[in-house]
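Asks: Sequence first, then the predicted structure, then my questions.
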Amino acid sequence: MVPSCWSIPTNQKSLRLAGTSKCRKRKLLFGSALLIRQYPALWALIGVSVLSFLAHDSLPHTFFLYAHARFGWDQKMVGYALVAVGVMSVIVQAAAIGPIVKALGEKRALYFGMGMGLAAFALYGVAWAGWVVFAAIALGGFWGVWSAAAQTILSKTVASTEQGRLQGALASVRAACQVFTPAIFNGAFALGVSVDARWAGAPMLVSAALLASAVPFALAATRGLGPDAAAPETA
């Protein structure tokens, strides 16, 4: 039997793990702030990412509620819709993103992807029939193009030795956004259906508005950035 003085009680272990997790999060956030300060051009790109991350979460938080309230869909129909989302994601990731970015260039691909996402969320929000939801899913699959283009632009914005810190900064931003999205989108859904079931798509309209507000950031982030700009070097 292991003496009690040699072991850490479970509750103390949990407290230590929680403290370590909080410490790591603070370090990530602090490191992210330093990186952005070192590369001022990142402000606009991070702005695009923040608004896009926020917009994304309307679907995982409210899609079932939206589909049931607006169209009376059951779990089976929602399942079909989720399968369609997965199929579109695989098709776009495997066969479309590379050719689109190559044909349009990173800047235009960024705008294209954001435009597809905005159109998809707007369609979700005003959908008058179930088939419109599937049309929105088809458009939304191409929203992923923005992420690939943004990653390339971000990678060219910072030095090659800072790529790890860049990915850490993006992960920190994503985690911070997830703190707010449940309240934003569940609140929007509750407000919408309190008026009328036809407004069940209110969370998606909020997402469309968030993406629209990201456009000025995207323009600022890509202004003066050549299509083949190389990443800056550190001394």
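Replies: Cool, got the structure. Numbering: from 1, shown residues only.
Asks: from here on, contacts and neighbour counts on C-alpha atoms
Replies: Fine.
Asks: Let me know the average pLDDT across stretch 50-70.
Replies: The pLDDT scores in stretch 50-70 average 92.
Asks: An error on my part: the question was meant for stretch 80-98.
Replies: What stretch 80-98 shows for mean pLDDT is 93.
Asks: Check stretch 133-144 too.
Replies: 94.
Asks: And the contacts of that stretch?
Replies: With contact meaning CA atoms under 8 Å, 6 or more residues apart in numbering, stretch 133-144 is reached by 81, 84-85, 88-89, 92-93, 97, 112-117, 119-121, 123-124, 127.
Asks: go with 7 Å
Replies: Applying CA atoms under 7 Å, 6 or more residues apart in numbering, the external contacts of stretch 133-144 come out as 81, 85, 88-89, 92, 113-114, 116-117, 120, 123-124, 127.
Asks: Please convert those residues to TSV, extending it with neighbour count and secondary structure.
Replies: Output for these, formatted as TSV (neighbours: other CA atoms under 10 Å; DSSP: H, G, I helix; E, B strand; the rest coil):
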residue	neighbour count	secondary structure
Ala81	19	helix
Val85	17	helix
Met88	18	helix
Ser89	20	helix
Val92	18	helix
Gly113	26	helix
Met114	27	helix
Met116	21	helix
Gly117	29	helix
Ala120	27	helix
Leu123	23	helix
Tyr124	30	helix
Ala127	21	coil
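Asks: Let me know the closest of the residues you listed to Ala212.
Replies: Set against Ala212, the nearest of those by CA to CA is Met114 (8.4 Å).
Asks: Number of residues surrounding Thr157?
Replies: If you count neighbours by other CA atoms under 10 Å, Thr157 ends up with 24.
Asks: if I look at it, how far off is Ala55?
Replies: 24 Å (CA to CA, to the nearest Å).
Asks: residue closest to the middle of the chain?
Replies: In the chain, the centroid-proximal residue (CA atoms, centre = their mean) is Phe53; its distance is 2.6 Å.
Asks: Assess the claim that it and Ala175 are in contact.
Replies: No: applying CA atoms under 7 Å, one finds Phe53 not in contact with Ala175, separated by 9.4 Å.
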